[in-house]
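Peer 1: fold the following, please.
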Amino acid sequence: MHSYKPEQSQPPSIQEPWNKGKTLGQKRPLKLKEIWGIRIRLELEGNSRELAMFNLAIDSKLRGCDLMSIRVRDIAHGKTVQSRALVVQQKTNRTVQFEITKDTRNSLVSWIKKRGLTGGDFLFPGRSSAQTHLTTRQYARIVDRWVKSIGLDACDYGTHTMRRTKPTLIYRRTGNLRAVQLLLGHSKLDSTIRYLGVEVDDALELAEGTEV
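Peer 2: This is a model prediction of the structure:
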């Protein structure tokens, strides 16, 4: 007689966490030379979609979900890209206004024309249809590729890098936290201070400049 041995159940597969290998916490903003490094590479590649995406991400200071949800009509009237735009943020339901600089407008016009987009289309459509847009996960992979292209460690950067970059530059030049608060659409100034990490950065700069 054969002794009965119950079948051993296979252990459940463990899904790899999305943030494996990532540095948690605040993502670093880009420096001015790094912005131009990425921009020049995209121009040399002739990558009109990602050049428009990169420029608008810097100008708009939007979260990834809001940036990917933009439709052509949100930033353009007919064939003309406007110098300012309004977007309702999904997270807070607050309206935020942002500037669209000349270089960004030019790159957007080139992309819209190349893809043949119209007012109701998503500005950054998915591969299958202009009626779907790129996901935030796809956007995150694109941002990783951008920072890696100029030799940065992708673990230290992410989609919030794009949101933080211009506000950080503005604060460094002006010290005007209230202006940055309005640009980011924060309801409280404390949120802006924490988001930029300005107190920590200022303290480190003071320490670095002090010899003992």
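Peer 1: which elements pack onto the longest helix seen in the chain?
Peer 2: Counting by DSSP state H, the longest helix found in the chain is helix 159-174. Helices and strands touching helix 159-174, as assessed by 3 or more Cβ pairs under 8 Å, 6 or more residues apart in numbering; DSSP states H and E, comprise helix 48-60, helix 64-68, helix 136-149, helix 177-184, helix 189-196. All C-beta atoms are positioned from the backbone trio N, CA, C, and that covers glycine.
Peer 1: kindly reformat those as TSV containing mean neighbour count, distance to residue 35 and mean pLDDT.
Peer 2: Below are these laid out as TSV (neighbours: other Cβ atoms under 10 Å; distance: least, Cβ to Cβ, whole Å; pLDDT from 0 to 100):
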stretch	mean neighbour count	distance to residue 35	mean pLDDT
helix 48-60	23	7	97
helix 64-68	20	16	96
helix 136-149	17	10	97
helix 177-184	17	17	82
helix 189-196	16	17	78
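Peer 1: residue 88 bridge partners, please.
Peer 2: residue 95 (DSSP bridges).
Peer 1: so it touches residue 94, yeah?
Peer 2: Yes - between residue 88 and residue 94 there is a contact under Cβ atoms under 8 Å: 7.3 Å.
Peer 1: distance-wise, check residue 90 relative to residue 69.
Peer 2: Counting by Cβ to Cβ, to the nearest Å, the gap from residue 90 to residue 69 is 7 Å.
Peer 1: same check, this time on residue 166
Peer 2: From residue 166 over to residue 69 the distance is 20 Å, taken as Cβ to Cβ.
Peer 1: which one of the two has more residues nearby?
Peer 2: For residue 166 versus residue 69, neighbours defined as other Cβ atoms under 10 Å are more numerous around residue 166 (23 against 19).
Peer 1: who's in contact with that one?
Peer 2: Contacts for residue 166 (Cβ atoms under 8 Å, 6 or more residues apart in numbering) come out as 58-59, 61, 183.
Peer 1: so which of those residues comes closest to residue 157?
Peer 2: Set against residue 157, the nearest of the contacts of residue 166 by Cβ to Cβ is residue 58 (13.3 Å).
Peer 1: my guess is the closest one contacts residue 161, does it?
Peer 2: No - assessed by Cβ under 8 Å, residue 58 is found out of contact with residue 161, at 9.9 Å.
Peer 1: find the residues that touch each one of those two.
Peer 2: Counting by Cβ under 8 Å, 6+ apart, the shared contacts of residue 58 and residue 161 are residue 30.
Peer 1: output the helices and strands packed on helix 159-174 as JSON lines; include the columns distance to residue 36.
Peer 2: Listed next are the helices and strands packed on helix 159-174 as JSON lines, based on distance: least, Cβ to Cβ, whole Å:
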{"stretch": "helix 48-60", "distance to residue 36": "11"}
{"stretch": "helix 64-68", "distance to residue 36": "20"}
{"stretch": "helix 136-149", "distance to residue 36": "12"}
{"stretch": "helix 177-184", "distance to residue 36": "21"}
{"stretch": "helix 189-196", "distance to residue 36": "22"}
